[in-house]
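S.K.: Sharing a sequence plus its predicted fold:
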Amino acid sequence: MSSKVTNLLGGCVKDERIATVAINPGMFVEYAAGGIRPATVNTGSIFFADNSMDGTVMRGDEFAIGDSVPHRIYESGDQVNALLKIGENVAVDAALTGAGDGTLRAVDAAVAATKTTGVVADNNAILFTATDAGTDGNNIKIALIDPAGNSQSLAVTVSGLEVRVSLATGVAGAITSTAAEVIAAVNANTAAVILLGAANASTSTGAGVVAAVASGYLTGGVDADTDKPLFFALEAVNNSAGSAAADIAIRVK
């Protein structure tokens, strides 16, 4: 996308206000006492700073404090060449919102907590994943238990937020449950699947016999972003290693 253009589609309503701080064309901006500044909140009307009318301030340039900043008001469906925050890597159609400094960032989806047991190379690695994404999944525990008895059957029980898998054993008391059998048993237990699901981890086939694993929490669960999406990316842009905000074409939600 051209770095010389800010308005791509729509943005018919234009205005000018005085910069209260330095502003770059393409910044997501808001009105403030005495003028205009980079948007700090994600509510209200959608404004983006434009290039100067006389062409002296273009993309990559900066309006200084006290300069008159031309900007446009955008509505749903309008398109803008905005600025993506340093560290962001977004795909086409990614949901975006203001980053609080005039740039945009991705709206993060909730992430489910997980725990992996076993070893992939031994084909007994199991990935346990919380049924519901978010931080609540970090309170769920999983245990693979050696029943310390001969000829025991594979059994799954649930106590509170803990799923307990009592492993099958042979006549001599050795564990015989394979990862595939554990996965099937967990996923067939109606109480367990309220909390989590099980699957082969990575390239593990599930054919390997599992080992006992002490009770442990799932980790890595993250709640969804509290900010609602305001924009959608019209192109994929990777600015994860960037040293400055990157141009990104967006559509207003």
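M.R.: Thanks, I have it.
S.K.: Show me the domain layout of the chain.
M.R.: As assigned by automatic domain parsing, the chain contains the domains 7-108+226-252, 114-217.
S.K.: so can I have TSV of those domains showing mean neighbour count and mean pLDDT?
M.R.: The way it works is simple: take the backbone N, C-alpha and C, and place the C-beta from them, glycine included. Putting the domains of the chain into TSV (neighbours: other CB atoms under 10 Å; pLDDT from 0 to 100) gives the following:
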stretch	mean neighbour count	mean pLDDT
domain 7-108+226-252	18	89
domain 114-217	17	98
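S.K.: Across the sheet, point out what pairs with the nearest residue to residue 93 once chain neighbours are set aside.
M.R.: Distance criterion CB to CB, 6 or more residues apart in numbering; nearest residue to residue 93, sequence neighbours excluded, is residue 232 at 5.6 Å. On the basis of DSSP bridges, residue 232 takes part in beta bridges with residue 95, residue 251.
S.K.: Is it correct that residue 232 is in contact with residue 253?
M.R.: Yes - using CB atoms under 8 Å, residue 232 makes contact with residue 253 at a distance of 6.4 Å.
S.K.: isn't residue 90 right up against residue 250?
M.R.: No - in this structure residue 90 lies outside contact range of residue 250 using CB under 8 Å: 9.6 Å.
S.K.: which residues does the residue nearest to residue 93 contact?
M.R.: 93-96, 250-251, 253 (CB atoms under 8 Å, 6 or more residues apart in numbering).
S.K.: can you tell me which of those residues lies nearest to residue 24?
M.R.: Nearest to residue 24, judged by CB to CB, of those is residue 250 at 15.5 Å.
S.K.: Give me the distance between the closest one and residue 25.
M.R.: 14 Å (CB to CB, to the nearest Å).
S.K.: quick check, residue 228 in a helix?
M.R.: No - counting by DSSP: H, G, I helix; E, B strand; the rest coil, residue 228 is not found in a helix; it is coil.
S.K.: contacting residues for it?
M.R.: Going by CB under 8 Å, 6+ apart, residue 228 touches 42, 97, 107.
S.K.: Which stretches in the stretch 51-200 of the chain count as helices?
M.R.: With DSSP state H, counting those that start in this stretch, the ranges of helices along the stretch 51-200 of the chain come out as 179-188, 192-195.
S.K.: In a markdown table, list those along with distance to residue 161.
M.R.: Listed next are the helices of the stretch 51-200 of the chain as a markdown table, based on distance: least, CB to CB, whole Å:
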| stretch | distance to residue 161 |
| --- | --- |
| helix 179-188 | 15 |
| helix 192-195 | 6 |
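S.K.: wait, which of those helices is closest to residue 154?
M.R.: The closest of those to residue 154 is helix 179-188. By CB to CB, the value is 5.4 Å.
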